[in-house]
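A.B. asks: my questions are about this predicted structure, shown below with the sequence.
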Amino acid sequence: MKKTKLKLKKSVWVCFVVIIFLIIGVYAGINVYQDMKYKKTDEYKLLQIGYSKEEIKILQDNLKDNIKNLFNKEKDEFLLALLNEKYYMANNLKRYQDFHEEHKDYPASKIISLVNTNNDYDYYENDHDTDIEKDYLMLVNKYYHLSEDYVPNDLVNVSNKYYYGSNHKIREVAYDAFKNMWEEAHKAGIYLIINSSYRDYQEQKEVYDDYKNSQGSTYADSIAARPGYSEHQTGLSLDIFSKENTTTANFKGSPAHIWLQNNAYKYGFIERYGENTEEITGFSAEAWHWRYVGIEVATYIHENKITFDEYYAYFIAK
């Protein structure tokens, strides 16, 4: 009787040991399987290249299926820099990378600014019709043009209180904003004066051709927009001076210029061609050239220190 009980106990023990080994084997097998499966994942492959898990999350969120293009390559620090930029646009990724190959010394922020604004193309190439449906947020520059017969339908005459020279016209929305701005400037002891406003296609052609005929196309392109490519044709741009500072030579840094820099955005105007923006806008700084874009947009541009070209690319055209 005791021997039978002992045999039973041994049998139970053996079964228990076998079960334990089976469990261990199954667990080990699952781990091996999961490890093999994990090594096939994007995360594992990118970790081996040197990306951190945080960086991989950024890549996955932005590149989706295209993330596989990174396998079997070195870690792409420039790509990560692009993806971390505020104004990164996924549709422009290949253009960013191609432009970077030509300009290795440019930081990601500069590459993005230039490509978003089409400056990876030569001026007047990759040409687009200006979308006039954008109203006072339409873009006109060396890549976006207006037709020869475009004339704003709400042009109004400017009172001679606000200008010198010949008669001036501007779109009503910009004129109303200018008058409000003029009143506030006047309270501050500054008398703003309009020198140039709306110019139609033919007038711009005459301006451009004068430069071209006297000093050649290269100089003309550096100093004036070609007909159809001038913001003045929109009826939204003004060349503004003051009674004390009436020329392009002495307006920059004048009290009127400084006042405009600090206050014009409150009325919807921006300094269209600011200092150090020539690579983006295509024009040298023009302290006197102010463009109406509305208070909301002007405030954003002022606070974030970007150009209208950059704003348009990221928030409007996008």
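C.D. replies: Alright, I've got the coordinates. The model shown is predicted, which means the values in this text are computed figures rather than measured ones. Numbers count the residues shown, from 1 in each chain.
A.B. asks: tell me, how many residues neighbour Ile49?
C.D. replies: 14 (other C-beta atoms under 10 Å). All C-beta atoms are positioned from the backbone trio N, CA, C, and that covers glycine.
A.B. asks: how about the helices of the chain, start to end?
C.D. replies: Here the chain has its helices, by DSSP state H, at 2-38, 42-49, 53-63, 77-83, 93-102, 108-116, 172-187, 201-215, 217-223, 255-263, 278-281, 295-304, 308-311.
A.B. asks: can I get the third one in PDB, CA atoms only?
C.D. replies: Extracted in PDB, the C-alpha atoms of helix 53-63 (Å, rounded to 0.1, in the frame of the first residue of the first chain):
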ATOM      1  CA  LYS A  53      12.300  56.100 -30.100                       C
ATOM      2  CA  GLU A  54      11.200  59.800 -29.900                       C
ATOM      3  CA  GLU A  55      12.800  60.500 -33.300                       C
ATOM      4  CA  ILE A  56      11.100  57.400 -34.800                       C
ATOM      5  CA  LYS A  57       7.700  58.600 -33.600                       C
ATOM      6  CA  ILE A  58       8.300  61.900 -35.500                       C
ATOM      7  CA  LEU A  59       9.400  59.900 -38.600                       C
ATOM      8  CA  GLN A  60       6.400  57.700 -38.400                       C
ATOM      9  CA  ASP A  61       3.900  60.500 -38.000                       C
ATOM     10  CA  ASN A  62       5.300  62.400 -40.900                       C
ATOM     11  CA  LEU A  63       6.600  59.900 -43.400                       C
END
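A.B. asks: now that helix: buried residues?
C.D. replies: If you call a residue buried by 16 or more other C-beta atoms under 10 Å, then helix 53-63 has these buried ones: 55-56, 59, 62-63.
A.B. asks: out of the helices of the chain, which gets nearest to Tyr143?
C.D. replies: Closest approach to Tyr143 among those (C-beta to C-beta): helix 308-311, 8.7 Å.
A.B. asks: residues in contact with the closest one?
C.D. replies: 87, 113, 116-117, 139, 141, 270, 272, 280-281, 291, 293, 297, 300-301 (C-beta atoms under 8 Å, 6 or more residues apart in numbering).
A.B. asks: cutoff 10 Å now
C.D. replies: For helix 308-311, contacts defined as C-beta atoms under 10 Å, 6 or more residues apart in numbering pick out 87, 112-114, 116-119, 137, 139, 141-144, 231, 270-273, 277, 280-282, 291, 293, 297-298, 300-301, 304, 316-317.
A.B. asks: closest one to Tyr219 out of the buried residues of helix 53-63, please.
C.D. replies: Lowest distance from Tyr219 to the buried residues of helix 53-63 (C-beta to C-beta) belongs to Asn62, with 43.2 Å.
A.B. asks: distance of that closest one relative to Ile56?
C.D. replies: In this view, Asn62 and Ile56 are 11 Å apart by C-beta to C-beta, to the nearest Å.
A.B. asks: count of residues packed around Asn119?
C.D. replies: Asn119 has 18 nearby residues by other C-beta under 10 Å.
A.B. asks: so what pLDDT did it get?
C.D. replies: Predicted confidence (pLDDT) for Asn119: 98.
A.B. asks: that one touches Gly282, doesn't it?
C.D. replies: Yes: at 7.7 Å, Asn119 counts as touching Gly282 under the criterion of C-beta atoms under 10 Å.
A.B. asks: find residues that contact each of these two.
C.D. replies: By C-beta under 10 Å, 6+ apart, the residues touching both Asn119 and Gly282 are 142-143, 309.
A.B. asks: with neighbour count, pLDDT and distance to Leu46 as added columns, please give those in TSV.
C.D. replies: Shown next, in TSV, are the shared contacts of Asn119 and Gly282 (neighbours: other C-beta atoms under 10 Å; pLDDT from 0 to 100; distance: C-beta to C-beta, whole Å):
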residue	neighbour count	pLDDT	distance to Leu46
Lys142	23	97	40
Tyr143	21	97	37
Asp309	24	98	35
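A.B. asks: quick revisit: narrow the contacts of helix 308-311 to just the buried residues.
C.D. replies: Buried among the contacts of helix 308-311 (16+ other C-beta under 10 Å): 87, 112-114, 116-119, 137, 139, 141-144, 231, 270-273, 277, 280-282, 291, 293, 297-298, 300-301, 317.
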